[in-house]
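[1] Could you work out the structure for the sequence below:
(chains A, B, C and D, ligands or ions: 2)
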Amino acid sequence: MNLPDIIKFVIDLLAVLLLALGIKGLSKVRSAREANILAAFAMLLSVVGLLSYYLGTSGIPTQSWVWIIVGSLVGSLLGTLLAKKVPMTSMPETVALFNGFGGMSSLLVAIGAFLFPFNEGAKAGSLEPFINDVSISVSIFVGAITFSGSIVAMAKLQGWLSTPGWTQVKARHFVNIVFGVTSLLAFTYLISGNISSIWLLVIASTLLGIGVTLPIGGADMPVVISLLNSYSGIAAAAAGFVVDSQLLIVAGAMVGAAGLILTQVMCKGMNRSLISVLFGGSLSSQTTTSSGSGEYVNITSCSVEECALTLEAANRVIVVPGYGLAVAQAQHTLREVTKKLEQNGIEVVYAIHPVAGRMPGHMNVLLAEADVPYEQLKEMDAVNPEFPATDVVLVLGANDVVNPQAKNDKSSPLYGMPVLDVQEARTVFVIKRGMSAGYSGIKNDLFDLPNTSMVFGDAKKVLSELIGELKDLGVGEK
Amino acid sequence: MNLPDIIKFVIDLLAVLLLALGIKGLSKVRSAREANILAAFAMLLSVVGLLSYYLGTSGIPTQSWVWIIVGSLVGSLLGTLLAKKVPMTSMPETVALFNGFGGMSSLLVAIGAFLFPFNEGAKAGSLEPFINDVSISVSIFVGAITFSGSIVAMAKLQGWLSTPGWTQVKARHFVNIVFGVTSLLAFTYLISGNISSIWLLVIASTLLGIGVTLPIGGADMPVVISLLNSYSGIAAAAAGFVVDSQLLIVAGAMVGAAGLILTQVMCKGMNRSLISVLFGGSLSSQTTTSSGSGEYVNITSCSVEECALTLEAANRVIVVPGYGLAVAQAQHTLREVTKKLEQNGIEVVYAIHPVAGRMPGHMNVLLAEADVPYEQLKEMDAVNPEFPATDVVLVLGANDVVNPQAKNDKSSPLYGMPVLDVQEARTVFVIKRGMSAGYSGIKNDLFDLPNTSMVFGDAKKVLSELIGELKDLGVGEK
Amino acid sequence: MNFDSLLWVLLLGSLLGLELIGKVPPTLHTPLMSGANAISGITMLAALTAIIKAEPNSPLLIIGSISLGFALFNVVGGFFVTDRMLAMFSRKPTKKNK
Amino acid sequence: MNFDSLLWVLLLGSLLGLELIGKVPPTLHTPLMSGANAISGITMLAALTAIIKAEPNSPLLIIGSISLGFALFNVVGGFFVTDRMLAMFSRKPTKKNK
Ligand SMILES: NC(=O)c1ccc[n+]([C@@H]2O[C@H](COP(=O)([O-])OP(=O)(O)OC[C@H]3O[C@@H](n4cnc5c(N)ncnc54)[C@H](OP(=O)(O)O)[C@@H]3O)[C@@H](O)[C@H]2O)c1
Ligand SMILES: NC(=O)c1ccc[n+]([C@@H]2O[C@H](COP(=O)([O-])OP(=O)(O)OC[C@H]3O[C@@H](n4cnc5c(N)ncnc54)[C@H](OP(=O)(O)O)[C@@H]3O)[C@@H](O)[C@H]2O)c1
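    Ligands and ions are numbered 1, 2, ... in the order given. A predicted model of the protein is given here:
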């Protein structure tokens, strides 16, 4: 080993160390932000290490510099722009898009490495061509699935794509098996030297990614994204075999494994198994035929004014935010309402269900954005025993996460999912636009209970009216 | 790679996987026993892998077989014998001895590799001689320290060696620095090709191991053993560089790192920093001059009969076992006493201080040996709030772990160590042979308190008498 | 590098990844996902290598450059967006545990 | 094997070791110590290699054999004694958590 080798080696070791610390730190609230910066720094370090290594050995041709600068400028600029502009409500889609682009990057570099081999002059006694070919093929396969799957996931989350009914037929498994087998065949051809089958591999694995992701219900999308994130780690590790870089392999393997664990943790939180997420199809379409179509018999609806009067008289209020709040972008208006209540000496806490919204932890992000103090956010297990001692619960655009069926009705598809026991409180106001169901498509027994009143309307609109009413009552004006 | 290479490779990967699972499992009560067996299996697997690799390639000469069989038979037999015979009270010494032998093994193999190089014909383009020499020297250095340090630790724990006063003078640091520098010089000579300096290295590092361990008080020995265990992992990893084996490196590195974490955890439990353990000298000798020599003014002593009478009238008894119980081997007699009490409807629990005895977790092992049900063993934090509602506390050969100075007296060297708040109970009986101090050599304010009575005598003797008295009172005979 | 040493690295890296993430509170699921996502853009190193090693005027230059662009979109955007989310949590760092 | 790939393995192995042990209850300190101790006897592989590769009648045979003996004393004794301790804990496996 000569000097540039040693320097690069030390830099790579350091980068892996920092990345490991970063991933570890990201899983703890206290250290998450620093950990993210640390990981970003490690990535920068690894680039510097690579560039200086080539500068110190073979040199980097001017032409390469041009393409490096163009590629990185365009990518970074667009990425930064999106990251700064995107509203917090669209986080799930954004993460899916980023992830898809990561997969695309692996896919492209693998195609490039296959069509224009650049690794031959590497080192004597280095990788045998066979292993090189296998790594490239894995990179292509996993990269294409990651890309197409993520893009489908993004489109569904954005609402650009719904879950077409025909994707729910059992035959879809057959079609996917055909795609899978085709990919496998193309894979085998490719590693036995048949270069042209590369396109077959690209197409078949892209279709496989689409075919697997399309039937999955939007409710399960975050799990899918997390899984695809794990795949993109695997693709990176495979690319590491192609370019002979331990750093890539370790980083890719760490992301792949960590993603798998995270996926598992999420599945647990949503009371679903990974298998049923991937192959069970969409939850809603399974169930519209069964309990989903029950009729409501005993709905009490009330005006915003009544709601304000009840709130004024309360000592303790719990707010249950849900997906509807996110859609209505009403988090800031909500914050104004709760500020008023607090100024009147009313105790307000927020009950955060782990899968409220469209992504685990989504509600925390949204409420944090609206400056809600961290200590007012309570997790489900902490807040559930507090409902009986609560005067008013405001259910804001939440539905499935407050459905008592999950506890009482063994025949319900929701049965077993942990929910917030809002019905234990004295009075429950449910603010939503109409009687339509939540993500699961299931009737909500809560709405029929005598202590529940519906306040119909868009969450943001209702909340602004509520501010007006509270002002009229003189709440929060001392 | 040809077939034997591939097989060995797969076996090695598998062994590392199992070892990692083993270490992980050993840190959880639920899985510890299976994890230990798993790790043992992984070790066996690795041996099988190695032997079959050489059988399949170069072959193993008959002469080698003879020495392999002799060495392994003798080693395994003696090890098994010791493991089966040794009483649970001597666990700390036993672990120290095992550990020292591990260090000796690394030391010997490194000396052998240096004097009779066997690695040269390994693989083309393999390790440069320099790196080989460095690895060997590290192995010798760490192996010798591990060996001599562990043997000293064992001897001190066995009581064969006390902590001589002269080892506590500050000058010891100077002597150790001389040993250290000498080792370093010998190390440098050795890797620059001066073969004869190997003996200087062996001697200097052995002396360094002794010099560092000898001044450390017996109370800190478990921490030292854990640290030496971590060293023996490092020695194994260094040996891995010598024989070019990833398996050795990974296993050694895992043990080394895990040992370090365990050492840290233990230090926290004893309220000591690693630095003060290693360089602070023995706790007792620091303190005999200060608060250690205080006089007792208000000692109440009572007979076994009185103790029995009070116990009979109690509803709730907490037993606090300590080192003295272990020394007296009284755990079985204790169990008989508590059985009688339980038969009389008296609630009995055991309060286990994390560093009671001579090794963390030592008391749990001893009491488990005497068939005490696991659920009656309570850890310190769980049991401390229960003392005020307790009628009688039996302190059996414990001393430092029930010293209220640790909470009240800022000038005490014990200050800050978490202790059991036995003085909060109605009545406390302290069973010990005389008024001598515990490991820290510090006066125990508990003995002076009005609700404390001393019952003098050997723990086992007092407990057998107690059984007689209880029988006379008709306790536990219904 | 031999193939088998790369495999060792793969195994150990995976085991490490499995161990690194312990109990993640649901609050952090989203940022953790997007942070890990950004790290997976480490493929940018592969893209860079391709560009540097490409023959003059080879189409590999363009492919590599596009790949680099996608990767950096992922990396830079991912870290920024994660930071944006986490910044919201840490606004009131003093009262984290009540 | 190149030296640098061995170093990678060393780094990753150490990181893994640091992660593997989480919160150990004090009850398990002793068995964990003695179990890890037994694993450190993995040097037996080095001793075996030395014996196998030794020239005929070389003193290395004896040195290796003694080294092997020490290592196996550590390994076999260590695992047995750990098992003895752990067996005591698991005698009443049903009521572990009250
Ligand atoms: N967090 C995750 O990881 C995640 C990810 C994906 C899916 N999910 C699933 O999503 C569901 C989350 O439950 P959730 O209770 O938060 O939401 P939900 O069950 O999907 O219900 C949302 C409710 O908000 C109402 N709504 C929509 N737009 C609104 C607006 N502008 N103003 C007021 N109300 C509006 C809708 O009723 P109207 O149309 O009548 O107004 C709907 O009933 C669960 O089933 C969960 O499994 C969770
Ligand atoms: N667990 C660990 O990791 C560990 C390891 C090493 C050291 N330590 C240290 O050791 C101490 C442990 O505290 P501890 O309270 O268990 O023990 P201790 O403070 O060492 O006190 C033991 C007491 O037992 C009495 N004793 C000795 N032999 C006896 C016998 N045959 N019958 C009855 N009594 C007998 C002694 O008094 P008499 O001589 O008057 O009878 C002595 O006061 C702490 O300072 C701790 O830091 C802990």
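[2] Neighbours of residue A:302, how many?
    Counted with other C-beta atoms under 10 Å in any protein chain shown, the neighbours of residue A:302 add up to 15. Every C-beta, even on glycine, is put in place using the N, C-alpha and C of the backbone.
[3] show me what contacts the closest residue to it other than its chain neighbours?
    Leaving aside its chain neighbours, residue A:302 sits nearest to residue A:453 (4.3 Å; criterion: C-beta to C-beta, 6 or more residues apart in numbering or on different chains). Shown in contact with residue A:453 (C-beta atoms under 8 Å, 6 or more residues apart in numbering or on different chains): A:300-302, A:306-307, A:427-430.
[4] Is it correct that residue A:453 falls within a strand?
    Yes: assessed with DSSP: H, G, I helix; E, B strand; the rest coil, residue A:453 lies in a strand.
[5] any idea which of the contacts of residue A:453 is closest to residue B:471?
    residue A:428 (65.3 Å; C-beta to C-beta).
[6] The helix or strand where residue C:44 lies near chain A at all?
    Assigned by DSSP states H and E, residue C:44 belongs to helix C:44-53. Yes: interface with chain A: helix C:44-53 contributes C:44-53 (C-beta under 8 Å from any C-beta of the partner chain).
[7] Can that helix be said to contact chain D?
    No: Helix C:44-53 lies apart from chain D when judged by C-beta under 8 Å from any C-beta; the minimum separation is 15.8 Å.
[8] Now do that helix: everything it contacts.
    With C-beta under 8 Å, 6+ apart as the test, helix C:44-53 has contacts from A:43, A:46-47, A:50-51, A:54, A:58, A:60-61, A:64, A:67-68, A:71, A:105-106, A:108-109, A:112-113, A:118-119, A:121, A:236, A:239-240, A:242-243, A:245, A:247-248, C:60-61, C:63-65, C:67-68, C:71-72, C:75.
[9] How far off centre is the helix or strand bottoming out on mean pLDDT in chain C?
    Lowest on mean pLDDT, DSSP states H and E among the helices and strands of chain C sits helix C:3-20, with a mean of 87. The chain centroid and the centroid of helix C:3-20 are separated by 17 Å under C-alpha atoms, centre = their mean, to the nearest Å.
[10] And stretch A:402-415, by the same measure?
    25 Å.
[11] Mind listing what's buried along it?
    Neighbour counts over stretch A:402-415 (16 or more other C-beta atoms under 10 Å in any protein chain shown) mark A:402-407, A:409, A:412-414 as buried.
[12] Looking at the residues of helix C:44-53 next to chain A, which is nearest residue B:434?
    Taking C-beta to C-beta as the measure, residue B:434 sits nearest to residue C:45 out of the residues of helix C:44-53 next to chain A, at 71.0 Å.
[13] Could you give the number of residues near that closest one?
    Neighbour tally, residue C:45, other C-beta under 10 Å: 28.
[14] who in the stretch 201-350 of chain A is up against chain C?
    Proximity of the stretch 201-350 of chain A to chain C is confined to A:222, A:225-226, A:229, A:232-233, A:235-237, A:239-262, A:265-266, A:269 under the rule C-beta under 8 Å from any C-beta.
[15] hmm, try it at 7 Å
    Taking C-beta under 7 Å from any C-beta of the partner chain, the part of the stretch 201-350 of chain A that reaches chain C is made up of A:225-226, A:229, A:232-233, A:236-237, A:239, A:241-259, A:261-262, A:265-266, A:269.
[16] Let's see which of those end up in helices.
    A:225-226, A:229, A:232-233, A:236-237, A:239, A:241-243, A:246-259, A:261-262, A:265-266, A:269 (DSSP state H).
[17] low-scoring stretches of chain C, by residue?
    The model of chain C has pLDDT under 70 over residues C:1, C:90-98.
[18] For the longest helix along it, which helices and strands make contact with it?
    Scanning chain C for the longest helix, with DSSP H as the assignment, gives helix C:59-89. Using 3 or more C-beta pairs under 7 Å, 6 or more residues apart in numbering or on different chains; DSSP states H and E as the contact test, the elements touching helix C:59-89 are helix A:32-56, helix A:62-85, helix A:91-115, helix A:362-369, helix C:29-39, helix C:44-53.
[19] Out of those, which gets nearest to ligand 2?
    With C-beta to the nearest ligand atom as the measure, helix A:32-56 is the member of the helices and strands packed on helix C:59-89 nearest ligand 2 (34.2 Å).
[20] Quick check: buried residues in that closest one?
    Residues A:32-33, A:35-40, A:42-43, A:45-47, A:49-51, A:53-54 are the ones in helix A:32-56 that count as buried (16+ other C-beta under 10 Å).
[21] Phi and psi next, for residue 58.
    You didn't pick a chain, so chain A it is. Backbone torsions of residue A:58, given as degrees, to the nearest 10, read phi -80, psi -20.
[22] my question was about chain C
    phi -70, psi 140.
[23] Ignoring the adjacent residues along the chain, who's closest to it?
    Per C-beta to C-beta, 6+ apart, closest to residue C:58 is residue A:116, 5.5 Å.
[24] Likewise for residue A:371?
    residue A:335 (6.1 Å).
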